[in-house]
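*Asks:* Pasting the sequence and the predicted model now:
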Amino acid sequence: MARIIEVAPETADIDLRIRQQWTEPAVMPFCGELASFVAEAALRGDTELALRIMDELEAGLASGDGYAGTCVSIGFLEPQYDRGEDGEAWPPAESLGFRTEEMAAFVDSWPKHVRAELRRQMAYEAKAERRERRLWGPPQPDGSWRPTYRWKLRHPILWWKMRHAGISFAG
């Protein structure tokens, strides 16, 4: 936190807001607020400021410090990750209200370790989605859920209770 404030004094307002909310420095909320700040700076055209912050996040990831890596991957990237069809877009329109080609170009200019972490998270989300589809099967056209045979084998007691108690899942 201190290194980011040192490199980008514009982030001091975020630090003050976090310190008012939390009695001590809270790194994870700071990184969450920093994501919005970086995205808004990039949209304003102040990519130099945004890239200074990204370089500092890169230094934290590259240092091997587990806490810095956790802060970047969980505090900075994960809340902004779009779990929709367009995983390449960062930040998602739902969280920050915009998605442009300039933002895609900005993400491409990120340092390599931060980009690699974003790609790793995207790959993990895609794998989890495939696993869920394989386990639960596709949703029915009416929005109801019909368990696959694989699910029935994995959860025989729950399946029996569902059949005999009349429990059904609707989407």
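*Replies:* Perfect, thanks for sending it. Every value quoted in this text rests on a predicted model; they were computed, and no experiment measured them.

*Asks:* Now do the helices in the protein.
*Replies:* All helices of the chain, identified by DSSP state H, fall at 2-7, 12-21, 27-44, 47-62, 66-70, 93-96, 101-108, 112-136, 149-154, 156-165.

*Asks:* ok, residues contacting the second one?
*Replies:* Defining contact as CB atoms under 8 Å, 6 or more residues apart in numbering, one finds that helix 12-21 is touched by 1, 5, 25-26, 29-30, 33-34, 37. Yep, even glycine has a C-beta here, placed from its N, CA and C like the rest.

*Asks:* Report the two of those residues separated the most.
*Replies:* Using CB to CB, the pair of these lying farthest apart is P25 and F37, separated by 16.6 Å.

*Asks:* out of these two, which sits in the more crowded spot?
*Replies:* F37 (20 against 12; other CB atoms under 10 Å).

*Asks:* Distance check, that one against R163.
*Replies:* Using CB to CB, to the nearest Å, F37 is found at 52 Å from R163.

*Asks:* and if you look at Y67?
*Replies:* 49 Å.

*Asks:* just to revisit the earlier point, buried ones only from the contacts of helix 12-21, please, as a PyMOL command.
*Replies:* Restricted to buried positions by 16 or more other CB atoms under 10 Å, the PyMOL selection for the contacts of helix 12-21 reads:
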select buried, resi 1+26+30+33+34+37
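
*Asks:* Mind pulling up the pLDDT for E58?
*Replies:* The model reports E58 with a pLDDT of 90.

*Asks:* Please apply the same query to F169.
*Replies:* 56.

*Asks:* Also D46?
*Replies:* On the pLDDT scale, D46 gets 88.

*Asks:* same thing with I53?
*Replies:* Reported pLDDT for I53: 89.

*Asks:* Enumerate every residue touching it.
*Replies:* With CB under 8 Å, 6+ apart, I53 has these contacts: 4, 7-8, 11, 34, 37-38, 41.

*Asks:* Which members of the residues you listed are classed as buried?
*Replies:* Judged by 16+ other CB under 10 Å, buried ones among those: 4, 8, 11, 34, 37-38, 41.

*Asks:* Give me the domain ranges for the chain.
*Replies:* Using automatic domain parsing, the domain ranges for the chain come out as 2-136, 137-171.

*Asks:* export the contacts of I53 to CSV and tack on pLDDT and distance to F76?
*Replies:* What follows is those, written out as CSV (pLDDT from 0 to 100; distance: CB to CB, whole Å):
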residue, pLDDT, distance to F76
I4, 86, 10
V7, 87, 15
A8, 87, 14
T11, 87, 12
L34, 86, 6
F37, 87, 10
V38, 87, 8
A41, 87, 14
